[in-house]
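> here is my input; please provide its structure:
(one chain, ligands or ions: 2)
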Amino acid sequence: MQYITLNDDVRIPQLGFGVWQIPDAQAYEAVSTALEAGYRHVDTAAAYENEAGVGRAIRESGVPREDVFLTTKLWNGDQGYDTTLRAFDLSLERLGTDYVDLYLIHWPVPEQDLYIESWRALEKIAADGRARAIGVSNFTAETLDRLLKEGTTPPAINQIELHPYFPQAAMREYDRKHGIVTEAWSPLGQGGDLLGEPLLTRLGGLYGKTPAQVVIRWHLQLGNVVIPKSATPSRIRENFDVFDFDLTPDEIDEITALGGAGGRIGPDPAVFNYTG
Ligand SMILES: NC(=O)C1=CN([C@@H]2O[C@H](COP(=O)(O)OP(=O)(O)OC[C@H]3O[C@@H](n4cnc5c(N)ncnc54)[C@H](OP(=O)(O)O)[C@@H]3O)[C@@H](O)[C@H]2O)C=CC1
Ligand SMILES: O=C(O)C(=O)[C@@H](O)[C@H](O)C(=O)CO
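Residues are numbered from 1 along each chain as shown. Ligands and ions are numbered 1, 2, ... in the order given. All right, here's what the predicted structure looks like:
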């Protein structure tokens, strides 16, 4: 496993396991399989409604809690200072742990204008030692500029949509300049057309790897934290088997150039104001 040291000196495993759309009843099995395969980093959120299954899998895995990097996120409708503190308590309760490794504001939700207040609550949670690191998700240059100006602690991570069809060069550069690590969500383009790209099949053929493994390798070599999701045991293992080959700089550029072919899959954070 490769680690990245965040701006608060916390070390994060660069490859993690995402669990969006895995129902709570199946999350136990999926996370157990991931931990057996070697993952030591799990990305969940209050909104995924599977924190209980994720937490139980970690507790019963036999892997010491301190060896697993656990992320969860504050849902949009819970933003605000007191409401954030309450939402965090409930996440810990469902996860069955007394701290998380990373707590993120899930979306800025510019219209409700509560992300600065919410960030102050995350700073308090970190100061109390209940989140080892704090960060944001889906923040734009505009929302981050304000957070950096008005907050006391800079975010350690910005988790954003990022895959070869949407390579986010400008946002990666913004994060880098500000000492923020970029984490890629939907890193496989949600398993859609991207994985059928002839370029990825060709590169996979050269290295004896699948298109998904080539894409995960691209993320690792760009310096992204990457959290592919799968509910399929063979794919969970496949997505972890990416540490025995290197793409060349030209191959990385060729994959990045696929960005012309696709685009964003998820909501645009500048206008995503859903709080339900
Ligand atoms: N902060 C945010 O706003 C967001 C965060 N996220 C986080 O990012 C994680 C990953 O993103 P996600 O949207 O789930 O999408 P991914 O890009 O990780 O793709 C997941 C899809 O790809 C399929 N897949 C996985 N591995 C393979 C493989 N080796 N070969 C072929 N198909 C494969 C999966 O199928 P199957 O499961 O059937 O195997 C699933 O349909 C989420 O689970 C979540 O933790 C995601 C969205 C937004
Ligand atoms: O998966 C997440 O973390 C999300 O925030 C997404 O579900 C997001 O809310 C979305 O895709 C809504 O359409």
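> please tell me how far the residue in the stretch 151-276 of the chain that ligand 1 sits nearest to sits from ligand 2.
In the stretch 151-276 of the chain, the residue that lies nearest ligand 1 is G191 (2.4 Å; Cβ to the nearest ligand atom). For every residue, glycine as well, the C-beta is placed using N, CA and C. The gap separating G191 from ligand 2 is 14 Å, by Cβ to the nearest ligand atom, to the nearest Å.
> tell me the confidence at that residue?
Confidence at G191, expressed as pLDDT, is 97.
> which residues of the stretch 51-200 of the chain lie near ligand 2?
H106 (Cβ under 6 Å from any ligand atom).
> what segments of the stretch 51-200 of the chain are strands?
Listed in chain order, the strands of the stretch 51-200 of the chain (DSSP state E, counting those that start in this stretch) span 69-74, 100-105, 131-137, 157-161, 181-185.
> what about S186, distance to G151?
From S186 over to G151 the distance is 27 Å, taken as Cβ to Cβ, to the nearest Å.
> so those two - more neighbours on which side?
The neighbour count for S186 versus G151, taken as other Cβ atoms under 10 Å, is higher for S186 (23 against 18).
> surely the more buried one meets I265?
Yes: counting by Cβ atoms under 8 Å, S186 does reach I265; the two are 5.8 Å apart.
> show me whatever sits in contact with both of these two.
With contacts taken as Cβ atoms under 8 Å, 6 or more residues apart in numbering, the residues that reach both S186 and I265 are E161, H163.
> which strand or helix spans the residue of the chain most remote from its centre?
For the chain, the residue at maximal distance from the C-alpha centroid (Cα atoms, centre = their mean) is L206, at 28.7 Å. Here L206, judged by DSSP states H and E, is contained in helix 198-207.
> C-alpha coordinates for that helix, CSV please?
Taking C-alpha atoms only, helix 198-207 is exported to CSV below (Å, rounded to 0.1, in the frame of the first residue of the first chain):
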residue,chain,number,x,y,z
PRO,A,198,-10.0,0.9,-26.6
LEU,A,199,-7.0,2.8,-25.1
LEU,A,200,-7.6,1.2,-21.7
THR,A,201,-8.0,-2.2,-23.2
ARG,A,202,-4.8,-1.8,-25.2
LEU,A,203,-2.8,-0.6,-22.2
GLY,A,204,-4.3,-3.4,-20.0
GLY,A,205,-3.1,-5.9,-22.7
LEU,A,206,0.5,-4.5,-22.4
TYR,A,207,0.6,-5.0,-18.6
